[in-house]
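> got a structure for you, letters missing:
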């Protein structure tokens, strides 16, 4: 039986999602917990979207082929027994054998939470990005508009990106504020390595008045990473999860995380 899991994690202590030789990744910890619970040597998982070191996941979706029969709630509670406090399986559901966590996704959603404050974060450290200069909403919205639609996003692509094509379709960028917290929501068919963090660096440069809004179009059309702003911190970036066809019945939202600003 093929099973899909919704997984949440705080990425601060991990070297990203994808398994690495050192074993200090979210995937490594999840697969060890699954195998321990199922009492088998290994269980391999595939995820909807790989996250970088320090990036968090609220509804990361993975699939695996179960080597043993267990009730769905047992996969949740049993696996969580062997996971550290900063990783938790939120739900488990059976899916068709043709389901693929990555390839079946219609789009992917991220949010970046940013604290605007003259003083660096303390209790939110690792959970929010930070700027100490004031930001202006309207210029950032105008800049973001230049990125909507299908474009070559090479200017926002990390050198180590393994994507076959830099062309992606960005469906939306929503920007809002509550008190000192800003939230930037992104949805696209797929994202390049560091794409959101590189866009964030450019949006902040515009919001602080260091660049005009139309500069974003210049960066986009240059297809040259060197002319864009530096990559912004991973701390405030959250993978909200993929979007699948409704008939699969997979959750799009994890209500436990309604605390996220805005």
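Arrived safely, thanks for sending. Keep in mind the model is a prediction, meaning the values are calculated, not measured. Numbering: from 1, shown residues only.
> So which residues of the protein form strands?
2-9, 46-47, 56-65, 87-95, 107-116, 129-131, 149-152, 167-178, 181-188, 237-243 (DSSP state E).
> Could you give the separation of the longest one from the chain centroid?
If I follow you right, that is strand 167-178. How far strand 167-178 lies from its chain's middle: 13 Å, per Cα atoms, centre = their mean, to the nearest Å.
> tell me what that strand is packed against?
In terms of contacts (3 or more Cβ pairs under 8 Å, 6 or more residues apart in numbering; DSSP states H and E), strand 167-178 is packed against helix 137-145, strand 149-152, strand 181-188, helix 195-207. C-beta coordinates here come from the backbone N, C-alpha and C atoms, glycine included.
> Nearest to residue 56 among those would be which one?
Nearest to residue 56 among these is helix 195-207; the distance by Cβ to Cβ comes to 12.6 Å.
> average pLDDT across the closest one?
Across helix 195-207, pLDDT averages out at 98.
> what residues does that helix touch?
Residues outside helix 195-207 that contact it (Cβ atoms under 8 Å, 6 or more residues apart in numbering) are 52, 110, 112, 114, 129, 131, 135-137, 139-140, 142-144, 147, 153, 155-158, 168, 173, 175, 184, 186, 211-213, 215-216, 219, 225, 228-234, 237.
> same thing but at 6 Å, please
Residues from elsewhere that reach helix 195-207, judged by Cβ atoms under 6 Å, 6 or more residues apart in numbering: 110, 112, 135-136, 139-140, 143, 153, 156, 186, 211, 213, 216, 219, 228-232.
> And those, which of them are buried?
110, 112, 135, 139-140, 143, 153, 156, 186, 211, 213, 216, 219, 228-229, 231-232 (16 or more other Cβ atoms under 10 Å).
> one step back: may I see the strands of the chain arranged in JSON lines, with distance to residue 206 and mean pLDDT as well?
Converted to JSON lines, these look like this (distance: least, Cβ to Cβ, whole Å; pLDDT from 0 to 100):
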{"stretch": "strand 2-9", "distance to residue 206": "31", "mean pLDDT": "97"}
{"stretch": "strand 46-47", "distance to residue 206": "32", "mean pLDDT": "97"}
{"stretch": "strand 56-65", "distance to residue 206": "25", "mean pLDDT": "97"}
{"stretch": "strand 87-95", "distance to residue 206": "35", "mean pLDDT": "97"}
{"stretch": "strand 107-116", "distance to residue 206": "14", "mean pLDDT": "96"}
{"stretch": "strand 129-131", "distance to residue 206": "12", "mean pLDDT": "97"}
{"stretch": "strand 149-152", "distance to residue 206": "17", "mean pLDDT": "97"}
{"stretch": "strand 167-178", "distance to residue 206": "11", "mean pLDDT": "96"}
{"stretch": "strand 181-188", "distance to residue 206": "12", "mean pLDDT": "96"}
{"stretch": "strand 237-243", "distance to residue 206": "19", "mean pLDDT": "96"}
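> Those strands: which one's closest to residue 18?
Smallest distance to residue 18 across the strands of the chain (Cβ to Cβ): 8.2 Å, for strand 46-47.
> who does that closest one touch, helix- and strand-wise?
With contacts taken as 3 or more Cβ pairs under 6 Å, 6 or more residues apart in numbering; DSSP states H and E, strand 46-47 sits against strand 56-65.
> So which other helices or strands are in contact with the strand it packs on?
strand 2-9, strand 46-47, strand 237-243.
> So which of these is nearest residue 249?
Of all the helices and strands packed on strand 56-65, strand 2-9 sits nearest to residue 249, with 9.9 Å by Cβ to Cβ.
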